[in-house]
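S.K.: mind folding the following:
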Amino acid sequence: MSEYPIVNTDPGVTRQVLADHPELMVVAFRFSEAGAEGKLHEHPHIQSTFVKSGKFRFSIDGVEAEVSAGDTFVIPSNARHGCVCLEKGTLIDSFTPRRDDFL
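M.R.: Coordinates of the predicted model:
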């Protein structure tokens, strides 16, 4: 197993690949402060998100919901989504297939 670097993605947000395989990738997104954002975006990958800690407001195809530690949900392929951190925390995202752009 190799160590993956911690990458700054947006102000107050870092990304670190935890594990990868061509068919699956697990990634930690750490939000260090309230107000930090995962900007709206979309991708062809199916994404599953587990809220390890903190509180977030997610928008998925225009539908907003607040989630907190212990919550999990799936974001379909090509759904436009993003989040705002309400309380600092960590999201654990799984992608299928792997996000080669993260390597």
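
S.K.: assign the residue nearest the centre of the chain to helix, strand or coil.
M.R.: Nearest to the mean C-alpha position of the chain, by CA atoms, centre = their mean, lies Asp93 at 4.9 Å. What DSSP: H, G, I helix; E, B strand; the rest coil gives for Asp93 is strand.

S.K.: list the contacts of it.
M.R.: By CB atoms under 8 Å, 6 or more residues apart in numbering, the contact set of Asp93 is 26-29, 47-50. For the C-beta atoms, the positions are set from N, CA and C on the backbone; glycine is no exception.

S.K.: repeat that with 10 Å
M.R.: Applying CB atoms under 10 Å, 6 or more residues apart in numbering to Asp93 gives the contacts 15, 18, 25-29, 38, 45, 47-50, 75, 99, 102.

S.K.: who's in contact with Asp10?
M.R.: 29, 31, 36-39.

S.K.: of these, buried ones?
M.R.: Taking 16 or more other CB atoms under 10 Å as the criterion, what is buried in those is 29, 31, 36-38.

S.K.: ok so, going back, of the contacts of Asp10, just say which sits nearest to Lys88.
M.R.: Phe31 (5.6 Å; CB to CB).

S.K.: before we move on, the earlier item: closest to Tyr4 out of the contacts of Asp93?
M.R.: The shortest approach to Tyr4 among the contacts of Asp93 belongs to Leu18, at 7.0 Å (CB to CB).

S.K.: quick one, strands of this structure?
M.R.: 6-10, 13-21, 24-31, 37-41, 46-60, 63-68, 72-75, 81-96 (DSSP state E).

S.K.: as JSON lines, these with mean pLDDT would be great.
M.R.: Output for these, formatted as JSON lines (pLDDT from 0 to 100):
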{"stretch": "strand 6-10", "mean pLDDT": "96"}
{"stretch": "strand 13-21", "mean pLDDT": "97"}
{"stretch": "strand 24-31", "mean pLDDT": "98"}
{"stretch": "strand 37-41", "mean pLDDT": "98"}
{"stretch": "strand 46-60", "mean pLDDT": "98"}
{"stretch": "strand 63-68", "mean pLDDT": "98"}
{"stretch": "strand 72-75", "mean pLDDT": "98"}
{"stretch": "strand 81-96", "mean pLDDT": "98"}
